[in-house]
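[1] Sequence first, predicted model second:
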Amino acid sequence: MSKHGRVLVAMSGGIDSTVSAMMLHEEGYEVIGITMKTWDYANSGSSSKETGCCSLDSINDARSVSVQMGFHHFIVDIREEFGDYVIDNFVDEYLAGRTPNPCVLCNTHIKWSALLKRADALDCEFIATGHYARIKELDGRKYISKGEDDRKDQSYVLWGLSQECLNRSRFPLGDYTKPEVRQFAHDWGYTELSKKAESYEICFVPDNDYRGFLKRRVNGLTERVAGGDFIAADGGQVLGQHEGYPFYTIGQRKGLGIALGEPYYVTEIRPDTNTVVLGKVEELLRNGMTVAQVNSMKYAQIPDNLEAVTQIRYNDPGTMSRLKSKENDQVEVEFFANVKGVAPGQSAVFYEGDDVIGGGLIYSSVRFQ
């Protein structure tokens, strides 16, 4: 009989998920490892070497550690579940002129759902991942809080988790830094694992070329969107020709393929007219936005007029703001200072200190008077 119960650990073959499994095993949990194959590189059309969480090497690494540690390991094919939802959404969002965040979508709608489904089938009380975040509780509600390692904190990508998911989740790495995790692997005799490089790619775009992925995924995409105009934000005059509106994101400055003598940024994308609007940095600044599909985490409902730090992208330090609840799970955000690059489709996450109040998807940006 295990000391703490049975836990299903998502194992990618990387150092974080592997050390998580080791920790839980050492703590007395009955560990079962599971590796989920979400994407088939052979169908991506990319010439890149197969790497990352879905590669054969990574799957074999996860299985090897499980065998050495003496616990069961399963490989689950969720390519159909993943592709129908995450990849289709990824493509649809770019075609709509927005900038998607597929990792957040995967966590919220695919990964945790798949884990809980398999956990139930294997009589596991808990599931665990290698995310650098903590789970806390207030008045009977579970919520995400930042991990100990500021440089690795992943609370931003977990804002969509439900109470059911949080009640059954474990994040063993939340109280540790990345160097400490590498040291754990080394001390347990996994020297090569302790030196293993990290992957920051989207799993189904292994070469980090999302433009190429879109072209391969959508037949005739280039012909449909090529030849549109770059226009000026301050007058509408044509500044040049772009390669297709789905290939640009709000706030982009590099890779525009146009020389204007001074820095210009993408300030707006207009799919209906295949137009990309360019402006100087001041045209990119916003002091408000509307966030949709909001998941309130720390409180049953996000308090109206609550002051919180709002983060609009993964590496964003966040900006103090006021949150105003609206109908249909929407929140209006008023920033206390101008922010740059509010991109529809990206996630907005609200913080009280280290605690995640909740989050949602950026619907639109505004300028308040």
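    Perfect, thanks for sending it.
[2] What pLDDT is listed against the closest residue in space to Gly244 that isn't next to it in sequence?
    Excluding its sequence neighbours, the residue lying closest to Gly244 (Cβ to Cβ, 6 or more residues apart in numbering) is Val225, at 3.4 Å. The way it works is simple: take the backbone N, C-alpha and C, and place the C-beta from them, glycine included. Listed pLDDT for Val225 reads 87.
[3] show me what contacts Val225?
    Shown in contact with Val225 (Cβ atoms under 8 Å, 6 or more residues apart in numbering): Gly244, Tyr245, Pro246, Phe247, Asn274.
[4] Okay, it and Gly140: tell me how far apart.
    From Val225 over to Gly140 the distance is 50 Å, taken as Cβ to Cβ, to the nearest Å.
[5] and what of Leu214?
    Noted for Leu214: a distance of 44 Å to Gly140, by Cβ to Cβ.
[6] Show me which of these two is the more surrounded one.
    When Leu214 and Gly140 are compared for neighbours, Leu214 comes out ahead with 20 against 7, by other Cβ atoms under 10 Å.
[7] Please give the three-state secondary structure assignment for the more buried one.
    Secondary structure, DSSP: H, G, I helix; E, B strand; the rest coil: Leu214 is helix.
[8] ok, the closest residue to Leu105 other than its chain neighbours - contacts?
    Spatial nearest neighbour of Leu105, chain neighbours left out: Val86 (5.4 Å); criterion: Cβ to Cβ, 6+ apart. Contact analysis of Val86 by Cβ under 8 Å, 6+ apart lists Thr38, Pro102, Leu105, Cys106, His109, Ile110, Phe204.
[9] what residues are up against the last one?
    Which is Phe204. Thr38, Trp39, Ser44, Val86, Ile87, Phe90, Pro102, Phe213.
[10] Contacts for the helix or strand where Val31 lies next, please.
    Per DSSP states H and E: Val31 is located in strand 30-37. Contacts to strand 30-37, defined as Cβ under 8 Å, 6+ apart, come from residues 2, 5-13, 21, 24-25, 54, 58-59, 62-63, 65-66, 69, 71-79, 111, 114-115, 118, 122, 124.
[11] can we see that at 7 Å?
    Contact with strand 30-37 is made by 2, 5-13, 21, 24-25, 54, 59, 62, 66, 71-79, 114, 118, 122, 124, as judged by Cβ atoms under 7 Å, 6 or more residues apart in numbering.
[12] What of stretch 59-76?
    Contact with stretch 59-76 is made by 11-13, 18, 21-22, 25, 31-37, 114, 118, as judged by Cβ under 7 Å, 6+ apart.
[13] CA atoms of it as CSV?
    Taking Å, rounded to 0.1, in the frame of the first residue of the first chain, the C-alpha atoms of stretch 59-76 are listed here in CSV:
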residue,chain,number,x,y,z
ILE,A,59,9.2,8.5,-25.4
ASN,A,60,12.0,6.0,-25.0
ASP,A,61,13.7,8.2,-22.3
ALA,A,62,10.5,8.4,-20.3
ARG,A,63,9.9,4.6,-20.5
SER,A,64,13.6,3.9,-19.6
VAL,A,65,13.4,6.0,-16.4
SER,A,66,10.1,4.3,-15.5
VAL,A,67,11.6,0.9,-15.8
GLN,A,68,14.7,1.8,-13.8
MET,A,69,12.5,3.3,-11.0
GLY,A,70,10.3,0.3,-11.0
PHE,A,71,6.9,1.7,-11.9
HIS,A,72,4.5,1.2,-14.8
HIS,A,73,4.6,3.4,-17.9
PHE,A,74,2.0,3.8,-20.7
ILE,A,75,2.1,5.5,-24.0
VAL,A,76,-1.2,7.1,-25.1
